[in-house]
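Undergrad: Sequence and predicted model, in that order:
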Amino acid sequence: MKDTPMTNAKISAKGVDVHYADTHAIKDVNVEIADKTVTAFIGPSGCGKSTFLRCINRMNDTIDSCRVTGDIRIDGEDIYDAKVDPVQLRAKVGMVFQKPNPFPKSIYDNVAYGPKIHGLARNKAELDEIVEKSLRKAALWNEAKDRLLSPGTGLSGGQQQRLCIARAIATAPEVLLMDEPCSALDPIATAQVEELIDELQKSFCVVIVTHSMQQAARVSQKTAFFHLGSLVEYDDTDKIFTNPEDPRTESYISGRIG
Amino acid sequence: MSVSLILALGLAVLGYVIAPRRALAVAGGDARTLAALPRQYGLNALLAVLVPSFAILIAGTLAGAGAYLGWTILVVAVVGFAGSLFKITPDYRARTHAENWIKLILIAASVVAILTTVGIVFSMLFEARNFFSQYDWKDFFLSAEWSPNFRGNSSLGILPLLWGTLYISFIALVFAVPIGLFAAIYLSEYASRRMRSVTKPAIEILAGIPTIVYGLFALVTVGPFLRDYFAAPMGFGGSASSVMTAGLVMGVMLIPFVSSLSDDIINAVPQTMRDGSLALGATKSETIRQVVIPAALPGIVGATLLAASRAIGETMIVVLGAGAAARLSLNPFEAMTTVTVKIVSQLTGDTDFASPETLVAFALGMTLFVITLCLNVLALLIVRKYREQYE
């Protein structure tokens, strides 16, 4: 294993390969993701962008047939090291899923779930404060403050997704992974979530997987284009969308492949 | 009558063969101008003969019409046969008609199940009413003494039997629900696919063992074991037949029931719930305890109540495991008995269906039926509430 790389990247991946049983899903991906920015992963379906995202919080561990090799570091610490407990890692690396998945509990309990598990609050008052702060950050407080005890599943789709974001940031993560967070939402809810992502960027390192190139262009500062399991191009978002180096990137953003 | 049945069958088969040809002939040989496929004309003819004939057969038998039944069947069959053949034109929607016949058959099947249940309830109600006209209901429901005496003048209080039933069922559930639930959690959340493919059928084999075999197990193994190692040393008495014996063995019988129902319910909890919890840094057991089980809880309660109904209705294990002595006692190592066992013993042997000593069996059965019905309805309500949660 090499020494800790001397970069200021929050997340740095070197030579990452992922296999599902016989499928080689991710091929030798190297990427450095900066803190306090939004990084978008784009690419056609099945290109491995979600798989790579799930490597960053070791959610792939929950899939039996999945094997991850290579080196992924967060703040210079190898997250696949035997010493690292994936459970602790996930407290530091929050995740928002494609489909809103609030627990069948009250809105309050949904947000308080993580803090309770990790013992982040010493008493009820502190927990209340965390819940309120998280809901405010997720731009849901005004809509939810009068119905904190009603079930989270009773919210609309966009509200549910913001609830999931609130839930994820309640554990005070450093990195926020978002796996196509808007693909199940209507345009208005999407706009709200995108606005929120802009806001979140100030406090977190946000990595977002998206199918929508417009969305990538709107919300991200850096963009990575994946194709057939490889990272084809990774650069500033403006550059990727105006002047890509690789012909495959150009074909994809101009709609010829994918 | 059997001749006309065979004739009806013959007509049905004949219609099945002829109708498609006739349809084709009517269409001038071009099947595409027909409103339905040729074989659907055949199917319609087959069903148009069979369904009414069988309906007449069943109705006639139930009504006790003997002499003309054969002729009636034949007439109905011929009418069905002729009707389905003569109506064939290119526009005749044989597809729709055949579908309607099939729907009728399916409706009849479900009606049979419901009518049978209603019939059972009514026969029990009738006999139970006979019983209560001869025996005061207050003595039946409120008396703590059960001593039937076939020469008359018996005490037929349900309380000791009900107590035995509930006590044994309670022990069975206390034993079966945690074990079944934990087994289900292991199978659905932790076991690898290979482990699951071996363990799940192995547990479900338990469900295939006849209860009399469980009873034997209680009689020769569990009973003496409990007596020698627990009851006798601890001074609870020297009876091998005991509430504990029957309860434990019944619990073993219920384990596969609880575990396979709970397993289905736990598997129905969406994977995204687990992912959501795991991604927040919860451990596997925290996820199960705080997300999966609460989401599955109504279903698990439903499974438990269904298991309770089975425990309450169980007879064989009780006869062999807990004995037949009606007794009101708290000592779990004492022999007791249940409502079902007493129903059997009141109705076996030479019985006279007019005395309260026999008729009491129907009152007991009715009481039991009401209790399990309430439990089942409760279980269904809870399960239904659960179903709505993710839709």
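TA: Thanks, I have the structure now.

Undergrad: With adjacent residues omitted, what lies nearest to the residue in the stretch 151-258 of chain A that chain B sits nearest to?
TA: Among all residues of the stretch 151-258 of chain A, residue A:171 sits closest to chain B, at 5.9 Å; criterion: CB to the nearest CB. Glycine gets a C-beta too; all of them are placed from N, C-alpha and C. For residue A:171, ignoring the flanking residues on the chain, the nearest one in space by CB to CB, 6 or more residues apart in numbering or on different chains is residue A:114 at 3.7 Å.

Undergrad: same question, residue B:212
TA: Counting by CB to CB, 6+ apart, residue B:316 is the residue found nearest to residue B:212 once chain neighbours are left out, at 4.7 Å.

Undergrad: just residue B:309 next, same as before
TA: residue B:372 (4.2 Å).

Undergrad: Which other helices and strands does the helix or strand encompassing the one you found contact?
TA: Counting by DSSP states H and E, the element that carries residue B:372 is helix B:356-387. Where contact means 3 or more CB pairs under 8 Å, 6 or more residues apart in numbering or on different chains; DSSP states H and E, helix B:356-387 is packed against helix B:94-134, strand B:155-156, helix B:159-185, helix B:293-313, helix B:339-347.

Undergrad: got the buried residues for that helix?
TA: Along helix B:356-387, these residues count as buried under the neighbour rule (16 or more other CB atoms under 10 Å in any protein chain shown): B:356-369, B:371-372, B:375, B:378-379, B:382-383, B:386.

Undergrad: can you check stretch B:147-161 too?
TA: Of the residues in stretch B:147-161, those scored as buried under the neighbour-count criterion (16+ other CB under 10 Å) are B:148, B:154, B:156, B:157, B:158, B:159, B:160, B:161.

Undergrad: in terms of contact, does the residue nearest to residue B:309 touch residue B:307 like I think?
TA: No - counting by CB atoms under 8 Å, residue B:307 is not a contact partner of residue B:372; they are 11.5 Å apart.

Undergrad: Might you enumerate the residues of chain B proximal to chain A?
TA: B:192-193, B:270, B:272-283, B:286, B:290-291, B:294-295, B:389 (CB under 8 Å from any CB of the partner chain).

Undergrad: so of those residues, which ones are in helices?
TA: Among those, the residues falling in helices (DSSP state H) are B:193, B:272, B:273, B:274, B:275, B:276, B:277, B:278, B:279, B:286, B:294, B:295.

Undergrad: Pull out the buried residues from those.
TA: By neighbour count, with 16+ other CB under 10 Å, those hold B:273, B:274, B:275, B:276, B:277, B:278, B:279, B:286, B:294, B:295 as buried.

Undergrad: quick one: pLDDT of the closest residue to the third one other than its chain neighbours?
TA: So that's residue B:275. Taking CB to CB, 6+ apart, and ignoring the residues beside it in sequence, residue B:275 has residue A:97 as its nearest neighbour in space, at 6.4 Å. For residue A:97, the pLDDT comes out at 93.

Undergrad: so residue A:97 touches residue A:179, yeah?
TA: Yes - taking contact to mean CB under 8 Å, the distance of 5.5 Å between residue A:97 and residue A:179 places them in contact.

Undergrad: And the strands in the stretch 101-250 of chain A?
TA: With DSSP state E, counting those that start in this stretch as the criterion, the stretch 101-250 of chain A has strands at A:175-179, A:205-209, A:222-227, A:230-236.

Undergrad: mind giving me CSV with those strands and columns for mean pLDDT and mean neighbour count?
TA: Below are those laid out as CSV (pLDDT from 0 to 100; neighbours: other CB atoms under 10 Å in any protein chain shown):
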stretch, mean pLDDT, mean neighbour count
strand A:175-179, 94, 25
strand A:205-209, 95, 26
strand A:222-227, 93, 25
strand A:230-236, 93, 18
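
Undergrad: before we move on, back to that, my guess is the residue of the stretch 151-258 of chain A closest to chain B meets residue A:115, correct?
TA: Yes - at 6.3 Å, residue A:171 counts as touching residue A:115 under the criterion of CB under 8 Å.

Undergrad: Not counting sequence-adjacent ones, nearest residue to the residue of the stretch 201-350 of chain B found nearest chain A?
TA: Using CB to the nearest CB, residue B:281 is the residue of the stretch 201-350 of chain B that sits closest to chain A, at 3.3 Å. Closest residue in space to residue B:281, ignoring its immediate chain neighbours: residue A:91 at 3.3 Å, by CB to CB, 6+ apart.

Undergrad: need the contact list for the residue nearest in space to the middle of chain B.
TA: In chain B, the centroid-proximal residue (CA atoms, centre = their mean) is residue B:310; its distance is 9.2 Å. With CB atoms under 8 Å, 6 or more residues apart in numbering or on different chains as the criterion, the residues that contact residue B:310 are B:254, B:257.

Undergrad: With the one 10 residues further on instead?
TA: Neighbour list for residue B:320: B:212, B:215, B:216, B:218, B:219 [criterion: CB under 8 Å, 6+ apart].

Undergrad: Pretty sure the last one sits against residue B:321.
TA: By that I understand residue B:219. Yes - counting by CB under 8 Å, a contact exists between residue B:219 and residue B:321, whose distance comes to 6.6 Å.

Undergrad: neighbour count winner among those two?
TA: For residue B:219 against residue B:321, the residue with the higher neighbour count under other CB atoms under 10 Å in any protein chain shown is residue B:321, and the figures read 30 against 18.

Undergrad: Of residue A:171 and residue A:115, which one has the most company?
TA: The neighbour count for residue A:171 versus residue A:115, taken as other CB under 10 Å, is higher for residue A:171 (25 against 21).

Undergrad: mind listing what's buried in the helix or strand hosting residue B:58?
TA: Assigned by DSSP H and E, residue B:58 belongs to helix B:38-63. By 16+ other CB under 10 Å, the buried positions in helix B:38-63 come out as B:38, B:40-54, B:56-57, B:60.

Undergrad: Just want the angle from that helix to helix B:94-134.
TA: Helix B:38-63 and helix B:94-134 are oriented at 20 degrees to each other (axes from the mean of the first three to the mean of the last three CA atoms, to 10 degrees).

Undergrad: so which residue of the stretch 1-150 of chain B comes closest to chain A?
TA: Using CB to the nearest CB, residue B:110 is the residue of the stretch 1-150 of chain B that sits closest to chain A, at 33.1 Å.

Undergrad: what does chain A have sitting close to chain B?
TA: Within reach of chain B by CB under 8 Å from any CB, chain A has these residues: A:57, A:59, A:62, A:64, A:87-92, A:94-95, A:97, A:99, A:101-105, A:113-114, A:117-118, A:153, A:164, A:167-168, A:171.

Undergrad: among the residues you listed, which ones are buried?
TA: Of the members of the residues of chain A next to chain B, the ones counted as buried by neighbours, 16+ other CB under 10 Å, are A:57, A:59, A:87, A:89-92, A:94-95, A:97, A:99, A:101-105, A:113-114, A:117-118, A:153, A:164, A:167-168, A:171.

Undergrad: So what touches stretch B:89-108?
TA: For stretch B:89-108, using CB under 8 Å, 6+ apart, the contacting residues are B:19, B:23, B:26-27, B:33-37, B:40-41, B:43-44, B:47-48, B:51, B:55, B:88.

Undergrad: what do you get for stretch A:66-85?
TA: Outside of stretch A:66-85, the residues that reach it under the criterion CB under 8 Å, 6+ apart are A:1-2, A:4-5, A:10-20, A:28-29, A:55-56, A:58, A:60, A:89, A:92-93, A:174-175.

Undergrad: Could I get the buried residue list for that stretch?
TA: Buried residues in stretch A:66-85, counting neighbours by 16+ other CB under 10 Å, are found at A:66, A:68, A:70, A:71, A:72, A:73, A:74, A:79, A:80.

Undergrad: From one end of it to the other, what's the distance?
TA: Stretch A:66-85 has an end-to-end distance of 18 Å (criterion: CA to CA, to the nearest Å).

Undergrad: average pLDDT for that stretch?
TA: Along stretch A:66-85, the predicted local confidence has a mean pLDDT of 91.
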